[in-house]
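In: From the sequence below, what's the structure:
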Amino acid sequence: MVSIVWISTGIVVGLLVFVYVLYTRMIRLKNTALEALSGIDVQLRKRHDLIPNLLKLARRYMEHEIAIIKEVTELRVSAEKAMGTTDPSEAARRFSAESALTSGIGRLFAVMENYPDLKADQPIIEAQQAYQEVEGHVSAARRFYNAAVADLNSAIETFPGPFIAPLAKAKPMPLYEVEDAAVRKPIDADDFLL
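Out: Predicted structure coming up:
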């Protein structure tokens, strides 16, 4: 009789420890994914801060291409508004706005290729190099985020994750993927030649 009580107590304690370990793992995965999302925000903020300077420099030479400059400006404003929230459920909307901005900047760089004076301007060259560096950081942050989110989503979706996730207030998060087909295809400068 005494041994059954000890065995039952041991089983209950073992289950509680098991649930606690799973709970803390879920919390750790959730926090890592949120940290990765914050890292993306930092890199995107750097990109957003760089864009106005790039547009000012381009505007000096590209008086006839004001439409593309306005488009990139509007896309930046839209991306800034989408970035205003830290709610992970809004991440997909933020990533979509960023993809559109990336596409617009790609079109701007393609149009800039048509202006030899602009391509040779040292501040423009430096701004493009700085932009490429920031894009590298955004790409690295995106890879870290996607890895963290994949781990979190897998933990939530596999047993016993569906039971532990609500306790840890963990919800699936979207991957940061380049969705726009225009971003994936190479930009053809001939599309912008007069």
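In: correct me, but residue 44 touches residue 79?
Out: Yes: assessed by CB atoms under 8 Å, residue 44 is found in contact with residue 79 at 7.4 Å. For glycine as for every other residue, the C-beta is placed from the backbone atoms N, C-alpha and C.
In: Mind listing the shared neighbours of these two?
Out: residue 98 (CB atoms under 8 Å, 6 or more residues apart in numbering).
In: Which helix runs longest in this protein?
Out: When the chain is parsed with DSSP state H, its longest helix is helix 2-61.
In: Quick one: mean pLDDT over the next helix or strand after that helix.
Out: Once helix 2-61 ends, the next helix or strand along the chain (criterion: DSSP states H and E) is helix 66-83. The average pLDDT within helix 66-83 is 89.
In: Then stretch 124-139?
Out: For stretch 124-139, the per-residue pLDDT averages 89.
In: Pull out the buried residues from it.
Out: Going by neighbour count (16 or more other CB atoms under 10 Å), the buried part of stretch 124-139 is 124, 127-128, 131, 134-135, 137-138.
In: now stretch 156-170
Out: Buried residues in stretch 156-170 (16+ other CB under 10 Å): 156, 161, 164-165, 168, 170.
In: Looking at the residues you listed, which is nearest residue 18?
Out: Nearest to residue 18 among the buried residues of stretch 156-170 is residue 164, at 10.3 Å by CB to CB.
In: Next, that closest one: secondary structure please.
Out: helix (DSSP: H, G, I helix; E, B strand; the rest coil).
In: so it touches residue 22, yeah?
Out: Yes: with contact defined as CB under 8 Å, residue 164 counts as touching residue 22 (4.8 Å).
In: got any ranges where this structure has weak pLDDT?
Out: Within the chain, the ranges that satisfy pLDDT under 70 run 1, 64, 84-86, 118-120, 179-194.
In: Apart from its chain neighbours, what residue comes closest to residue 45?
Out: Once flanking residues are discounted, residue 45 sits nearest to residue 83: 7.6 Å by CB to CB, 6 or more residues apart in numbering.
In: I'd like to know how many residues surround the one you found.
Out: Using other CB atoms under 10 Å, residue 83 has 18 neighbouring residues.
In: for it, what are its contacts?
Out: Residues in contact with residue 83 (CB under 8 Å, 6+ apart) are 41, 44-45, 48, 94, 97.
In: try 10 Å
Out: 40-41, 44-45, 48, 90, 93-94, 97-98 (CB atoms under 10 Å, 6 or more residues apart in numbering).
In: circling back: same list (the buried residues of stretch 124-139) but as CSV, adding distance to residue 104 and secondary structure.
Out: Output for the buried residues of stretch 124-139, formatted as CSV (distance: CB to CB, whole Å; DSSP: H, G, I helix; E, B strand; the rest coil):
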residue, distance to residue 104, secondary structure
124, 17, helix
127, 16, helix
128, 15, helix
131, 13, helix
134, 15, helix
135, 13, helix
137, 19, helix
138, 15, helix
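In: No more questions from me, cheers.
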